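Colleague: Okay, here's the prediction I keep looking at, along with the sequence it came from:
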Amino acid sequence: MDQIVEYFLAALLVIGGVFAIVGSFGLLKLPTTMQRLHAPTKATTIGVGSALISSMLYFWFFEGTLSWHELMITLFLFLTAPITANFIAKAQLHLAVKPEDLPPSGVGTAWATFDPEVESVSPTLIRDRAPD
Amino acid sequence: MILNYALDFAFLCFGLGLAMNLYRVFRAPGVPDRILALDTMVINVLALIVLYGVRTGSGVNFEAALLFAMTGFVSTVAYCKFVLRGDIIE
Amino acid sequence: MEALVASAIGMMTAAGVYLMLRQRTFPVIVGLTLLTYAVNVFLFTSGRLATNVPAIYGEGAPGYADPLPQALVLTAIVISFGMTAVIVMMALGAFLEAGHDKVDMNDDDTPANGGQK
Amino acid sequence: MLRRLFPHPLLSILLFATWMLLVNGFKIGSLVMALILAIVIPKLTAPYWPNRPPLRNIPAFAGYVLLVMWDIVKANIEVARIVLFMRNENIRSGWVAVPIDLKTPEAITILAGTITMTPGTVTSDMSSCGRVLLIHALHAPDPDSIVHDIKTRYEARLKRIFE
Amino acid sequence: MMSHWIAAPVLLPAIMGALIVLLMRNDLLLQRVFSLVASFALLAVSLALLIAASTEAPEVYRLGDWPAPFGIVLVLDRLSAMMVLLTAVLAVCVLLYTIGTNWDARGRHFHALFQFQLMGICGAFLTGDAFNLFVFFEVLLIASYGLMIHAGGKDRLRAGVQYVAFNLVGSSLFLFALAAIYSITGTLNIADLAVKAAALSEGDAALFRVAAVMLMMVFAIKGALVPLQFWLPGTYSNAPGPVAALFAVMTKIGAYSVIRFGVLVLPPSHPITGTLIADLMLPAALLTLIIGALGILGATTLSRLAAFAAVASMGTAFIAISAFTPASISAALYYIVHSTLAGAALFLIVDLVVDRRAHDSLRDALPPIAQAGLISALFMVSAIATAGMPPLSGFIGKLLVLDALRDSAALIWSVILVTSLIMIVGFARAGSTLFWKAHASAPEGDAPHHPAQALAFVAVGLLLAGLVGLTVLAGPVIDWIEGTSAGLFDTSAYINANQLPEVK
Amino acid sequence: MSLALIAALPFLGALLPGLMIRAGKNACALVTGSVTALALLMLGLNAPAVLRGEVVQTRIEWIPSLGLNANFFLDGLGLLFAGLILGIGLLIILYARFYLAKSDPMGQFYTYLMLFQGAMVGIVLSDNILLLLVFWELTSLSSFLLIGYWKHLPEGRQGARMALTVTGGGGLAMIAGMLILGNIAGSYDLSVILQNKEAIQASDWYLPALILILLGCFTKSAQFPFHFWLPHAMAAPTPVSAYLHSATMVKAGLFLMARMWPVLSGTPEWFYIVATTGLITMVMAAKIALFKDDLKALLAFSTVSHLGLITMLLGFGTAEAATVAVFHIINHATFKAALFMSAGIVDHEAHTRDLKRLGGLRTLMPITFTIVTIASLSMAGIPPLNGFLSKELMLEEAAHTAWMANPWLIGVLATIGALFSVAYSFRFIAHAFLGPVRSDYPAKPHDPGFGLWAAPALLACLVILIGLFPMLTAAWLVNAAASAVTGAPVAVKITHWHGLYAPALWMSLAAIGGGLMALGLHPRLMALWTATPRPEAKRIFDGLMEPFATLAGRIANGLHDGALTRYIAIGTLAIAAVCYYAFDTGTHAIGTRDLMPVPPVPALGWLSLVLATLAIVIFHRNRLLTLVLVGIVGLMVSVGFAYFSAPDLALTQISVEVATIILMLLALNFLPKATPVESAPLRRTWDGAIAVIAGVGIAALAYALMTRDPAFQAISDFHITNSKPGGGGTNIVNVILVDFRGYDTFGEIIVLGIAALVIFALTEALLRAGPANDRLLAWKPDQRRAGDRHPMMLVVATRVILPIALMVGFFIFLRGHNEPGGGFIAGLIVAIALVMQYMASGFAWTAARQKVDYHALIACGVLIAAATGIGAWFNGLPFLTSAFGYFTIWPLEEFELATALLFDIGVFLTVLGAVMLALASLSRIGLRAGETVNTQPFDIDPSEGRTLNSEEAR
Ligand code: NA
Ligand code: NA
């Protein structure tokens, strides 16, 4: 039993390591920023996830303590990775991409990052202008 | 036994990953790349901490790992928000 | 390992000092932050380096890292956080009042001495 | 009564579970504490979550989660293949606009997150009317299939769950 | 018997500061009342502590009931009691002045910051722990940052940034020093440090010497000793008047710490540090005095004149300290008390002048100010005191210093006396430009209207009365101070009070 | 006691004029005069005893340990001087009442005058040289006020400053001399010092002491080369000149030389310094006086000359000469005060004191003329007036004293001095009063009222009386004073006729003849004098003082010019140098601790840290990039803490680092985004060198310390042992923080609370009307901004993450006592979680939905921590003594409750409140800069299919 668990854990660790290095390697290798964004967002996340799960299982099987923290961290990383990617993509759009290089939205409105209307229309105009 | 080799392999992978991130932080065409590299770096470091915990059989740094994940996310969003809007809590 | 830690402290100190000698408030504050890191690590090392012996009671713990410097560093980190926050705000305030963020007052538009209050 | 104690029952359950995950042990004291926190924290944070949509179909949601997890694994293998074995000049990246029918912010966010975590796509932006997602595809020789996949594989399911 | 009152000078202002923030931050009147009440209470407590300390051996208050050197202790001895009392006296006067001139209404949180500042200062004086000294240095510093930029303004903020930056370097140095000390000796309690430092082996000598000078240089920054004095003129001259007056005691904290560590831990008889500290300090102190005196003579504004006077006074104090003999330390202590009151009075008077004029340049003749007669008389008295002219306590202080340093008279005496002359001339030039030349440019009795601010004058009067008291009662005061100094040099009393365990 | 009272009376009297002036000028003068008269009366009561040869003493302990006591004694010399000071003072008070103009503030004048009088009386009555020094410098100060009395006159201001500089400076030299003297004698009491002649004169320190004391005397008495201040002091009102610059203050130097005569005189050093100075002064000043057209200047230089004469006599070192000196002091005081007052009368009536504009006053002002004639003749040494008597004696002494073995030098020079004296005395009479009445006086001169001429007239009477009956009127006083000076009984015999063989007779005749001749040749001599270039004292003084003041300003202001970067550079170098010196002069044993191995992954961490640090230096001009790189440094430091067994530190470091970066990003929004290149390559190299010195030094120190073992068992062993049994927690670091060293933590949270208060107060100040507010109102973003502020994805994710993060914070808080965590970290985690919410939906939107008073959080935190500590008092234990216990409540398991937890709640609240208050302040700045508040959590609401609020906006 222990043997199987050990192999399973070892496999998890190796898979995690491979994905991690793929993620970071992609960050080096891929030519454009938007392409590079794909690699760590996915690969590194799952790489770390594997490592975390293996850690959890390791403690469960070999130390006898069930440590759920790794699971929490994993979930947290999965929850936040898309947001991170979204923000970095927006930053890249904002800094380095021209709106004309993007496909049209098809419904006549601009992409939010490029639409000054969003800001000028959305606020409720509480402007704190009067000096106390 | 095999687990130890696997652990070494994992250390190597995440370590190399860290090194690559480091390179990308310094050599990047723009800020988003650097932010991305830093974010990945945090995740790799977090993994290394967890692996180190496995190696030493100690879970004492798991809260640190959790916090790294949290703060890494918050700081990445903050950097991006700064690039996008200037004011991060407008 | 000791040499690595010492050199890292030295590196952060040197970078901190160099930035503190710049002429704008922002690099000066970054320099102070780096110096703070260096100080904290230096203070930490006064308990000597040890791995895998956190100062938390545990059965069969091989020993405990010196907890006192850790507590001191914690205090120092908190304090320097407060200080950094204040100087960041003051630098911002000075910039808003003066319209520039120069550190030195001698090459300002008004003389440092004899100027109006 | 229960409604007032647990304005966000799902959130309360999530928090209850989180606490039990955190404390790493099953004690009555922890249960009591988890219960207290599962009541107090949603109450504290409720003002920040107005117009909470009802989750109509919990089993469907669970199925969705499993599907996405499977897709994530697939996605990673796919990305690894592209990163490791494809020559850079052969990678055909591009932008894709995906019109969506979902209306609930929560559902759209889950969709967007799913897109990011699954094969070769990253949700990058949204149109200022909220009806179209801008997606970057790492290797998309056929952009239309991506749109189709997203709409059928994920959006349809989410629609059932949320709307 | 451990008296809880020892902790009162720290807790009283801390709690009052917090209460002001909590309950009365939008009501200036309430703030004033409670801030004053707290300051008077501090005065009463510190007076009682002084009386207690005068008759009894040093008393140790073990915080958390942990024995020294493992916990933090407060130590009440004559020196700490004296410094706390000095702080309280100053606090009352400065507070009265602030209220009298409405300075506290020119910005937010003056009273809370003021109370926290007092807490920091008293904590620094009372603590018997080296790291805790750092903590309270930081408390008093950060409060001082807030007070320094009170009411804002361009120059004040820019000078404030400099003040903070320079002091952050000092705080860093403090931590480097403490880390080195702990690294070598493994202790933080000052008494324990004294015992252990004396028993160090030769192999630790060089490192311990480095730690010692680092620590002393931290205090030198606080005490504005050349070449670490640069922060002072810009800070003090740009700070609000009452704040600068309160700062008069801040430099003394540097001097206090040098005395505390220099006598207890690093005395000239120390096998490892020997006269290292004294040898380095004397030339620095002489230069400090010279720079201060030159600054007084060459001052372009009145507030810079007062700031350089503060530098000069620290030079004199450090000259006396650097000899580390009972006589020189008592001279230094008397001079410290004197120069705190005199410096504070001078800054308040400067503020009275500045408040009544467009600016405080000494280069241009400006029309006479309101209440010129009274203010010029006050200026004259404080100038006499600051320059060390008879008959006020400054003269007695300088005589004490000269008398205590007769062994190396030629250099020290000439520096002190020549700088005294320079200061006299500087004050005379400033005073005659300010108050006499003004009449050349405007018809007599045509002074602009200005509210009289009776309370402010009372505050200044109290400080000057303090100087007079210090002069008239110099005999008993000096006797008391000599007792204090003798007590300092009887280091066993301080060490025994800590009831340290045997060194293993 | 009575002596002290005599000295104190004028000081007490100084308080009265200010009060009495409201009752009128007469009342004011009357009161002031009464006080002086009272003092004089008390002096008189002591006189009989003194004249009997007794020494009256009063001893009051002041500062016994310093040897500075209020000891007074009255002997003949003291009696003489005190009498002069009080007597003439009385006359001056009378005179001034009528002299001062209506617009002059008389109360102030009398106050200053009384201060001065007290100081003078103090000098002459002091039996303690330190006390004497006190009074001595007081005369300088009060004379400063008196000379500058007419504030509007620039000459007054300058004259006052010059007098103060010279006499004050001399006084400071004298302090040193007196201290030396006291050290040699073993006491600062004059009566003791006067007994120690042998010891003093044998000491190596005799000459320095002598020179220093004489510096004081010479400056005060305007002896060459310090004479130049006196004429400029004549800008003072005439009563002041008469009092200070003829009768009293300038004689303080003489008094002191006389006082010290028994112990200091009799040596060649004394003779050559004192006698020579006196001689030169006498001749030179007399010559200058001859060519002064201003009556007061003439009298001033005449005074200098006569002071020189007396100095010379004291310098001779013989009892006879000293006796003559005493006698001349009396005589000079009488005729010179009379002359000054008369000059003042002339000035008062004719509105000029210029001899060139005067003449012919004899008939217009007969009374004044009479007084002036008597006094001038006495000054000239014409028999039988008192000036003649002492001058004869002086010439006699001069004729019998050799200088460097030259028997006639002094005699000849003394005669020449006398000759000039005759000449200017007669000139005063001739050029002011004789000759034709003129038509062009600035005012119509006539004799003043009795009040103004009474005082000089009285003095003129004295001149005659002493002249005619010296043995009756003056000898007793001279005897008493001279006995005191010489320390042996003196019985003087003063006669008008010394016989034909007395050289003085012929010298006198030569002087009178020559003097008259010189007066006759005056126009021609004057032309010669005017043609001769000579140094002008004021110009030289200013020429020295102004550049010195400028130089002082250059040095002081140049060094403190606000160049913080230089301050830091100098400070760093100084610290490095001193540390190096301290290390280099001590012995050092190389550390022997086993070094730790370097595994590859930590080495990689090191590399990251070092490279990131280096990159910060290289890229520091790009500020955003700098912050990203700082993030790496912080990450590596905290992971380093985790690696080296410090989990609490890792937690703290990473959360503080994020909070710091967020604050800096918030500030950077308003700051320039790039740092310009400003320093030259050389400067950068120099800065780099300083940085390297600091870095290498700290690294070396760190390495040296780390590789050595502590010399003693560290105190933390106690903490490790007692953490659980004594502190009730298994996380030793946390127990140290909240228990062993909870007091540090108490201070630390207050620091954080204060930081927030400072930030809040600063924000309030910035938002008030002013440049900062204007700049904010006109603020335009300096970077292009993306369209949406609150992207939906983040908002939705935050809805889940925030509750979880809050829970994690609570978890970290609860477990802190036993596992890594605690109130501080928990506070920061909650703060960061809230920051996330702020980033998602904006500060204002978030804050509006959960009204929390951040000030109250901070204050409550501090108060809870304090209250927890104070709670121990009720158990009779010290502040912060903790208590903990184990409790069981069914159905729960046993749990621990510790007061430390309560303390930690205080920590938590303060930290949270502080961070929130800081963010709130920054947010207010943003709002002032034109940011707007959203009413919806995110900008784009897909459920509506349109941007939010477009309805409202329209
Ligand atoms: Na903790
Ligand atoms: Na305890």
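Modeller: Yep, it's here. None of the values given here were measured: they were computed from a predicted structure. Ligands and ions are numbered 1, 2, ... in the order given.

Colleague: going forward, measure contacts and count neighbours with C-alpha atoms only.
Modeller: Fine.

Colleague: how distant is the helix or strand where residue F:602 lies from the center of its chain?
Modeller: In this assignment (DSSP states H and E), residue F:602 forms part of helix F:600-619. Here helix F:600-619 shows a centroid-to-chain-centroid distance of 52 Å under the convention C-alpha atoms, centre = their mean, to the nearest Å.

Colleague: what comes up buried for that helix?
Modeller: Along helix F:600-619, the positions that meet the burial threshold by neighbour count (16 or more other C-alpha atoms under 10 Å in any protein chain shown) are F:601-602, F:604-617, F:619.

Colleague: Against chain C, which of those make the cut? List them.
Modeller: When C-alpha under 8 Å from any C-alpha of the partner chain is applied, the members of these adjacent to chain C are F:606, F:609, F:610, F:613, F:614, F:616, F:617.

Colleague: Grab the most central residue of chain C for me.
Modeller: Of all residues in chain C, the one closest to the mean position by C-alpha atoms, centre = their mean is residue C:36, 1.6 Å from it.

Colleague: Please look at that one and residue E:172 and confirm they touch.
Modeller: Yes: here residue C:36 reaches residue E:172: they are 6.7 Å apart, a contact under C-alpha atoms under 8 Å.

Colleague: Report the two of the ones next to chain C among the buried residues of helix F:600-619 separated the most.
Modeller: With C-alpha to C-alpha as the measure, no two of these lie farther apart than F:606 and F:617, at 16.9 Å.

Colleague: how about the residues of chain D that lie near chain F?
Modeller: Among all residues of chain D, those adjacent to chain F (criterion: C-alpha under 8 Å from any C-alpha) are D:11, D:15, D:18-19, D:22-23, D:27-29, D:37, D:41-42, D:45, D:47-49, D:102-106, D:109, D:112, D:128-131.

Colleague: Longest helix in chain C, please.
Modeller: Scanning chain C for the longest helix, with DSSP state H as the assignment, gives helix C:67-98.

Colleague: hang on, the earlier thing: next up, the contacts around the residue nearest to the centre of chain C.
Modeller: Neighbour list for residue C:36: C:77, C:80, E:172 [criterion: C-alpha atoms under 8 Å, 6 or more residues apart in numbering or on different chains].

Colleague: And what about it, helix, strand or coil?
Modeller: In the three-state summary, residue C:36 is assigned as helix, counting by DSSP: H, G, I helix; E, B strand; the rest coil.

Colleague: For it, give me the pLDDT.
Modeller: Residue C:36 is assigned 97 on the pLDDT scale.

Colleague: residues contacting residue B:10?
Modeller: Under the criterion of C-alpha under 8 Å, 6+ apart, the contact partners of residue B:10 comprise A:13, A:14, A:16, A:17, A:18, B:51.

Colleague: Distance check, the closest residue to residue E:303 other than its chain neighbours against residue E:348.
Modeller: Take residue E:303 and drop its neighbours on the chain: the residue closest to it by C-alpha to C-alpha, 6 or more residues apart in numbering or on different chains is residue E:237, 4.8 Å away. Distance of residue E:237 to residue E:348, given as C-alpha to C-alpha, to the nearest Å: 12 Å.

Colleague: which of these two has more neighbours?
Modeller: Comparing residue E:237 with residue E:348 by other C-alpha atoms under 10 Å in any protein chain shown, the one with more neighbours is residue E:348, at 32 against 24.

Colleague: What residues does residue 24 make contact with?
Modeller: Chain wasn't specified; assuming chain A. Taking C-alpha under 8 Å, 6+ apart as the contact definition, residue A:24 lies against A:39, A:40, A:44, B:17, B:18, B:20, B:21, B:40.

Colleague: oops, chain B please
Modeller: Neighbour list for residue B:24: A:27, A:28, B:33, B:34, B:37 [criterion: C-alpha under 8 Å, 6+ apart].

Colleague: Double-check the first one against residue B:19; I have them as touching.
Modeller: No: in this structure residue A:27 lies outside contact range of residue B:19 using C-alpha under 8 Å: 11.3 Å.

Colleague: the more surrounded of these two?
Modeller: Using other C-alpha under 10 Å as the criterion, residue A:27 and residue B:19 rank with residue A:27 on top: 29 against 21.

Colleague: mean confidence score for the helix or strand hosting the more buried one?
Modeller: Assigned by DSSP H and E, residue A:27 belongs to helix A:2-29. For helix A:2-29, the mean per-residue pLDDT is 91.

Colleague: Can you give the distance of it from its chain's centre?
Modeller: When C-alpha coordinates are averaged (C-alpha atoms, centre = their mean), helix A:2-29 and its chain have centres 18 Å apart.

Colleague: helices or strands next to whichever helix or strand comes after it in the packing?
Modeller: Toward the C-terminal end, the helix or strand that comes next after helix A:2-29 (DSSP H and E) is helix A:33-39. Of the remaining helices and strands, those touching helix A:33-39 by 3 or more C-alpha pairs under 8 Å, 6 or more residues apart in numbering or on different chains; DSSP states H and E are helix A:2-29, helix A:69-96, helix B:31-56, helix D:58-85.
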